[in-house]
Structures are given as structure tokens and as C-alpha cells.
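Asks: Pasting a predicted model and its sequence here:
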Amino acid sequence: MKNIYSIFIRELKSYFISPIAYVILTVFLLLSGYFFYTVLSWFLQYSIQMQANPYGQPPPVNVNLMMMRPLFLNMAIIAVFMIPMITMRLIAEEKKTGTLELLMTSPITPMQWILGKYLSGFILYASMITLSFIPIFLLFLFGNPEFWPVISGYIGLLFLGGAFLSLGLIVSSLTENQIIAATVSFFLFLLLWVIDWIADSLSYTMGSVIKYLSIVSHFDDFAKGIIDTSNIVFFLSFIIFGIFLTYRSIDSIRWRI
Amino acid sequence: MISVENLTKYYGIKKAVDNITFSVKKGEILGFLGPNAAGKTTTMRIITCYLSASSGTVRVAGYDIFENPIEVKKRIGYMPENPPLYTDMTVSSYLKFVGGIKGLSGKKLNERVNEVMKVAAVEDVKNRVTGKLSKGYRQRVGLAQAIIHNPEILILDEPTAGLDPKQIIETRELIKSLAGQHTIVVSTHILPEVSMTCDRVLIINEGKIVAEDTIEDLTKKIRGSETILMEINGPKNEIKEKLEKIEGVAEVKVQDTKDGGLHKYHIESKPSFNIRKELAKTVVNSDWGLEEMRTISLSLEDIFLKLTTKEEEVQN
Ligand SMILES: Nc1ncnc2c1ncn2[C@@H]1O[C@H](COP(=O)(O)OP(=O)(O)OP(=O)(O)O)[C@@H](O)[C@H]1O
Ligand SMILES: [Mg+2]
């Protein structure tokens, strides 16, 4: 436990010593603010149009589906862009600079330092997500949105990010080049994102297997305000599997080099 | 303290370490001497559990490196060829981090950080970022991290590589001062370095151990004797007898050639005798036909030459 914590703290400090944490946080804040603004203005325009409807009573507008869901989907897409920047250095940098030799010859198990690194990435990601709550908080001040769908959306974002972080960690353990790590992670994320388009063109059984892997469909429920245990199971197994594969990849370094 | 048995390591199909066996006693300083690509680093990486071996066993303080890596790692302080520094950390926070993952904590950790900074003479740069340090200071921080948990065993991979002469001397002094409390294995290209710091030396070349001895004996062996090859036309037994009588000759071996009367004689001298002149005189005076005469260089000598030239480069 102490070992995990030592690694965790070092990694977190390292993010904030370098400009990378600030870049990630700022870019995310700007992008999510911008999307919040566009979604909000679109939503306002739509409501005003509905109010002005000459054919009597407008249908009730659904804040969750019409505003929160696109907002969370947008944030998820930004996450796809930002997470490779969080994970790229985690292991690749240690391989490059030779500090991996220090970790591997210290009385600490690979699982401990992998977990420490994963957690530091996760905390940076979580703080990034938290920033996007500022505009939503304004919405709570001046409007009256439902509380639970917002919570569910954030839980979804945490799970989604957790899954992508574990995938990014595997990729980072396979190379010593950070740029390659970031690029490959990014393409894998995109692939997982669009995988259900591919599924549509496949046979039913193949299609449904592929569909199950589609991160978006599992995330979409959260964005709609539905917390479904099967989605939680999906994300948790994804994360655990990713960390396990990273462990195997690290373990095999001893045999490969 | 360390016992290595029949250790072999392949990188793909390349054999980097070839069936080596040796052991290091408690409190001893063992020098690991060999030219580039001899397999020094590879062997050290296996002992420190960084690499796996292809075959063979290694025991450190009684623990097998494959079965009990954590126990082994607790007892070893390792300084890799390139100091494993986190270039964004200051010296003191780096040492604190390393101490932490080596199992120290709290007051003890702070104490040790201050102690090793003193021992490795890096106190004056303790608040500098390690990435901005000079090579010499980085090397010292590398040494400081190796001793932070006061390990029984120190494994130092070319601790003086890339340093200027003054720093080399300081580092050697430092290593000597660590002797006694620690069992040390130190690798180097440089022969005199071994004789200055180590009790015993192991010469390794192309993955094999080519010599293992105390410093004095090894030096004697190599400086002392030489083998001379002569091809002489004449009566075999008489020649052998006469050559053996010459002062300073230790042994004469005869080898037949295709040509009936011609034989090859391998003549080994006793340590520090120059027998060449006498040999030539005897052959000429006896009126035998001398076809060839030359010194056979030992393979060990070859290695030695490679090694000794390095030190001159350092001093220039
Ligand atoms: N990761 C690796 N992959 C493939 N071959 C390697 C690897 N590391 C070392 N080798 C090869 O193994 C052999 C032994 O290398 P090693 O680094 O152990 O030598 P060394 O004695 O430490 O040399 P030097 O004095 O240059 O540090 C060399 O031929 C080297 O090319
Ligand atoms: Mg080496």
C-alpha cells in the first residue's frame, strides 16, 4: 500500500511539475466550456421556438435527453483526445530514461507501481472532469435541472476514462517512444468509439459481440441518466483486464530485452 | 553472499553470457573486468533481477533470484550503467522517493537521505533538479541511491565511466570507503582501477570467464611468463634437452610437423626472464637450422592490452 502511494505521489507531482497537467486542464476547460455554450444556446433556441409554436401547447422539453446527453457525449469525445496525453509518458518515459531499471530492481512488485501510475493518471483525469462542472454548476444556480442525471453522467465519464486510461497504459508499456504511445492509443480509442458502425455491416452474432465492445453504447446509458449494473460490469472488467495486460507486458520485458 | 552457477543468457540467438560460475564472499570487493560487449552489464542485470536468465541459478544471501526476487532486491543496492534519475526531481526529493520504494519511511528515511548525500558528496546540489546536473554529479547521485537503504550488497556497473580524472579518483575512494560494511561487485574496462579498488578480479570476455584470481597472482601470471614458438631443423631430443637447460626456461613442448626433420618447440619462460637471446644463441651455436622464432601472445594478454590502453586514454 505504501509502495503504491509512493509511486502515485511521484507521478502526480511529475504531472504538475511539467506543463502537461496545465495544458490538459486548460484545453479541457476551454473545449468543454465551448461545447457547453453551444449546447446551451441550441437548447435555448429550441425552447423559444417551441414557446412560439402557434399550434398551442408545446410538448414538454426533456432537459436530460436534449441537453445533458449531448453535453456528456461531447465531453467523452474530448476525453478521447486528452487521455493519450495523460497515459503516453506513464511507462514509455521510464523505459526511455532507464528509470525502469530502478523500479524493476527495487523491492516493490510491478503490480504495485502499475497501480500507482494508473491511479495518478486517474486522479489527473478526474480533476480534469471536475473542471467541467463549473458551467454546469451555473446551470444549477440559475436553472433547475435534475440532479441525478448529472451525477450519472459524471459516473459514466469516470468509468469511460478509467477504461481508456487502462488501455493507454498498456500501449505506453509497449514502447519507449511517447509520441508513438499517444498516437497508437488515440487510434485505438477512436476504433473503440466507432466500432458499432462496423458492427452494423456484420452478421448478427459477430455484430452483437462487436457491439458489446462498443464503449459509446455503454456510456450512452450513463449520459441518458441510466445507471445500469451491466454497464458498470463492462467498464470494471475492461479496466481490470487492461491493468492485467499491462502487468503481463511489464513482466515480459525481463524476457524480451 | 552471491553465488552464480552455470549462468547463460541469450538475446535472441546471441549468447551474451556463456555458462559462467563464480561466487562472492561476504565483505569482498570483486572486480568485473572485461572489454565492451563482454557481458558485464548483462550478468549484473540478472543478479539484480532486472533480466531473466536463459539457464543457470543465482543465489543472493541464500535467496534464489527466481523464487524470492523481493528478498533479493531488498538486499541489493544497484547502480546501473546510466544513473536511473528522474530528471524532473531535485536530488533530495529523488533520494527520498528511492528510499521510500526501498522500504524506508518516516524519520529513518530523512536521516538516511541526509547521510547518503554526505557520503556521496552531493549536499551542495541537493535542491537542484537531477536533469540539470553534470555527469559527475549524476553519477554520484546514482551511487547515493544505490546505498540509500544500506544494502548488504552493492552492484556498481562502471561507476567511473565518463568521469574526469579527478572525479574518477574521488569515486574510487568512495567505493573503497564503502568496503567492509558491504559486499561489492564493481565492473570496469580499466585494469588499474581493479587493482586499486578490488580484492579479487574476474576477467570476462565474450560472455566467458577467462581468468579469476586475486590481484597479485593475476598480475604475476600475466606480466611474468611468455611462450616462444621456434621451428628448428635438427635432432628432436637433443634440441629439447639443450633448450630445457637454458636458465629461465620453464617448459619445452615439442610438436611434429609434416617435414621429418623439422619440429615446432613451444618454450615457456619462468616469470620475468627474457630467454629470447639465449635461445637464439644456443640454436645458432649448435648449428641447427632455425626456421622461425616468434612470441605467442596469450589470449589473456590480448584482453589485457585492450584493457590497459583504456587507462591511458583516461589519463590523457
Ligand atoms: N537488450 C539487448 N538486446 C540484444 N542484445 C543485447 C542487449 N543488451 C546487450 N546485448 C548484447 O549482449 C552482449 C553483452 O552486452 P553487455 O551490455 O552485457 O556488455 P558489457 O560487458 O556491459 O559491455 P560495456 O563494457 O560496453 O558496457 C553485447 O554483444 C550486446 O550487444
Ligand atoms: Mg556494460
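Replies: Great, that's in hand. Since we're looking at a predicted model, the values are computed, not measured. Numbers count the residues shown, from 1 in each chain, chains lettered A, B, ... in the order given. Ligands and ions are numbered 1, 2, ... in the order given.
Asks: From now on I want contacts and neighbour counts done on CA atoms only, so please keep to that.
Replies: Noted.
Asks: And stretch B:145-162, what's buried?
Replies: Across stretch B:145-162, burial judged by 16 or more other Cα atoms under 10 Å in any protein chain shown covers B:145-161.
Asks: and what of stretch B:280-299?
Replies: B:283, B:293.
Asks: who's in contact with that stretch?
Replies: With contacts defined as Cα atoms under 8 Å, 6 or more residues apart in numbering or on different chains, stretch B:280-299 is touched by B:226-234, B:242-243.
Asks: I'd like those as JSON lines, with neighbour count and pLDDT appended.
Replies: Converted to JSON lines, the contacts of stretch B:280-299 look like this (neighbours: other Cα atoms under 10 Å in any protein chain shown; pLDDT from 0 to 100):
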{"residue": "B:Glu226", "neighbour count": "23", "pLDDT": "71"}
{"residue": "B:Thr227", "neighbour count": "21", "pLDDT": "77"}
{"residue": "B:Ile228", "neighbour count": "19", "pLDDT": "83"}
{"residue": "B:Leu229", "neighbour count": "18", "pLDDT": "85"}
{"residue": "B:Met230", "neighbour count": "21", "pLDDT": "87"}
{"residue": "B:Glu231", "neighbour count": "20", "pLDDT": "88"}
{"residue": "B:Ile232", "neighbour count": "20", "pLDDT": "87"}
{"residue": "B:Asn233", "neighbour count": "20", "pLDDT": "85"}
{"residue": "B:Gly234", "neighbour count": "18", "pLDDT": "84"}
{"residue": "B:Lys242", "neighbour count": "13", "pLDDT": "85"}
{"residue": "B:Leu243", "neighbour count": "20", "pLDDT": "85"}
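Asks: and the two most separated of those residues?
Replies: Within those, two members stand farthest from each other by Cα to Cα: B:Glu226 and B:Gly234, at 23.8 Å.
Asks: Chain B versus A:Met88, what's the distance?
Replies: For A:Met88, the distance to chain B equals 16 Å [Cα to the nearest Cα, to the nearest Å].
Asks: wouldn't that residue be in contact with A:Ser172 here?
Replies: Yes: A:Met88 is in contact with A:Ser172 according to Cα atoms under 8 Å; the separation is 5.4 Å.
Asks: So which of the contacts of stretch B:280-299 are in strands?
Replies: In strands, defined here by DSSP state E, the members of those are B:227-233.
Asks: ok, these vs ligand 1, which is closest?
Replies: Nearest to ligand 1 among the ones in strands among the contacts of stretch B:280-299 is B:Thr227, at 28.6 Å by Cα to the nearest ligand atom.
Asks: Isn't that closest one up against B:Tyr265?
Replies: No: applying Cα under 8 Å, one finds B:Thr227 not in contact with B:Tyr265, separated by 9.9 Å.
Asks: What residues of the longest helix seen in chain A count as buried?
Replies: The longest helix of chain A (DSSP state H) is helix A:20-51. Neighbour-count burial for helix A:20-51 flags A:21, A:24-25, A:28-29, A:32-33, A:35-36, A:39-40, A:43, A:50 (criterion: 16+ other Cα under 10 Å).
Asks: And stretch A:227-247, by the same measure?
Replies: Those would be A:227, A:231-232, A:234-236, A:238-239, A:242-247, for stretch A:227-247 by 16+ other Cα under 10 Å.
Asks: How far away from the center of its chain is it?
Replies: What separates the centre of stretch A:227-247 from the centre of its chain is 13 Å, taken as Cα atoms, centre = their mean, to the nearest Å.
Asks: For that stretch, output the C-alpha coordinates as CSV.
Replies: The C-alpha coordinates for stretch A:227-247 follow below in CSV (Å, rounded to 0.1, in the frame of the first residue of the first chain):
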residue,chain,number,x,y,z
ILE,A,227,-27.1,3.6,-14.2
ASP,A,228,-27.2,0.0,-15.3
THR,A,229,-25.1,-2.6,-13.5
SER,A,230,-24.3,-4.4,-16.7
ASN,A,231,-22.5,-1.3,-17.9
ILE,A,232,-20.6,-1.0,-14.7
VAL,A,233,-19.6,-4.6,-15.0
PHE,A,234,-18.4,-3.9,-18.6
PHE,A,235,-16.2,-0.9,-17.6
LEU,A,236,-14.8,-2.6,-14.5
SER,A,237,-13.8,-5.7,-16.4
PHE,A,238,-12.3,-3.5,-19.1
ILE,A,239,-10.2,-1.7,-16.5
ILE,A,240,-9.1,-4.8,-14.7
PHE,A,241,-8.2,-6.6,-17.9
GLY,A,242,-6.2,-3.6,-19.1
ILE,A,243,-4.2,-3.4,-15.9
PHE,A,244,-3.6,-7.2,-16.0
LEU,A,245,-2.3,-6.9,-19.6
THR,A,246,0.0,-4.1,-18.6
TYR,A,247,1.3,-6.3,-15.9
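Asks: Could you list the contact residues of chain B toward ligand 1?
Replies: Contacts of chain B with ligand 1, taken as Cα under 6 Å from any ligand atom, map to B:11, B:16, B:35-42.
Asks: Is it correct that A:Leu192 is in contact with A:Ser214?
Replies: Yes: between A:Leu192 and A:Ser214 a contact is recorded at 5.8 Å, counting by Cα under 8 Å.
Asks: what's across from the residue nearest the centre of chain B in the sheet?
Replies: In chain B, the centroid-proximal residue (Cα atoms, centre = their mean) is B:Leu33; its distance is 1.7 Å. Applying DSSP bridges to B:Leu33 gives these bridge partners: B:Thr188, B:Ile203.
Asks: quick one: contacts for it?
Replies: Contacts of B:Leu33 by Cα under 8 Å, 6+ apart are B:40, B:187-191, B:194, B:201-204.
Asks: please redo it, this time with the cut-off set to 6 Å
Replies: Taking Cα atoms under 6 Å, 6 or more residues apart in numbering or on different chains, we find B:Leu33 in contact with B:187-189, B:202-203.
Asks: any idea how far it lies from A:Ser152?
Replies: Using Cα to Cα, to the nearest Å, we find B:Leu33 at a distance of 64 Å from A:Ser152.
Asks: cool, and B:Tyr10?
Replies: 53 Å.
Asks: near chain B, which residues of the stretch 51-200 of chain A?
Replies: For the stretch 51-200 of chain A, the residues in contact with chain B (Cα under 6 Å from any Cα of the partner chain) are A:98-99, A:104-107.
Asks: 7 Å instead?
Replies: Counting by Cα under 7 Å from any Cα of the partner chain, the positions of the stretch 51-200 of chain A adjacent to chain B are A:97-99, A:101-102, A:104-108.
Asks: re the thing from before, out of the ones in strands among the contacts of stretch B:280-299, which is nearest to B:Ser52?
Replies: Nearest to B:Ser52 among those, with distances taken as Cα to Cα, is B:Thr227, at 41.1 Å.
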